[in-house]
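Engineer: Sequence first, then the predicted structure, then my questions.
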Amino acid sequence: MDQRIDIDDPNVTMDDGEHLYYQGIPFTGEAVEYQRGALVSLITYKEGVEDGPVREWYTDGTLRSDGVMRDGFPAGEFQRWHPNGRLAARTIMSDNGLRQLAQFEWDEQGSLTKEWHAERD
């Protein structure tokens, strides 16, 4: 069973390469962060490296961002939302996270403000 730790725990450290350690050991599990009692961040780690679901919330509980990391790289689709709950951005990455395939952005009213697609090889 994976552990869940609070990122503000004094036993949590991060090295220059952004590897997460708990009690000096590379961490595997979920690291969460709270602000004013509200869950605002959940990041999944494997052996100290971001690997798995990554989610953020506004303090009112509205989803702020959602995506998946694989071996420290963003993989697949990442989404961000405005505080009003409308979609703010959608980024599509290659499965290995090394290439951005598309980017879309919307304003707070829901109007598309940016659309970009990678050139095909």
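Structural biologist: Thanks, I have it.
Engineer: going forward, measure contacts and count neighbours with C-alpha atoms only.
Structural biologist: Will do.
Engineer: Just the element for residue 103, please.
Structural biologist: strand 100-106 (DSSP states H and E).
Engineer: go on, residue 4?
Structural biologist: Here residue 4 is assigned to strand 3-6, by DSSP H and E.
Engineer: what's the burial count for residue 9?
Structural biologist: If you count neighbours by other Cα atoms under 10 Å, residue 9 ends up with 12.
Engineer: coming back round to it: the strand holding residue 103 pairs with which strands, and in what direction?
Structural biologist: Applying DSSP bridges, strand 100-106 is found paired with strand 87-93 (antiparallel), strand 112-117 (antiparallel).
Engineer: and the first one, C-alpha only, in PDB?
Structural biologist: I take that to be strand 87-93. Output in PDB follows, covering the C-alpha atoms of strand 87-93 (Å, rounded to 0.1, in the frame of the first residue of the first chain):
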ATOM      1  CA  LEU A  87     -11.500  25.200 -18.800                       C
ATOM      2  CA  ALA A  88      -8.400  27.500 -19.100                       C
ATOM      3  CA  ALA A  89      -5.900  25.300 -21.000                       C
ATOM      4  CA  ARG A  90      -5.400  21.900 -22.400                       C
ATOM      5  CA  THR A  91      -2.000  20.600 -23.300                       C
ATOM      6  CA  ILE A  92      -1.400  17.300 -25.100                       C
ATOM      7  CA  MET A  93       2.000  15.600 -24.700                       C
END
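Engineer: Alright, calling it a day.
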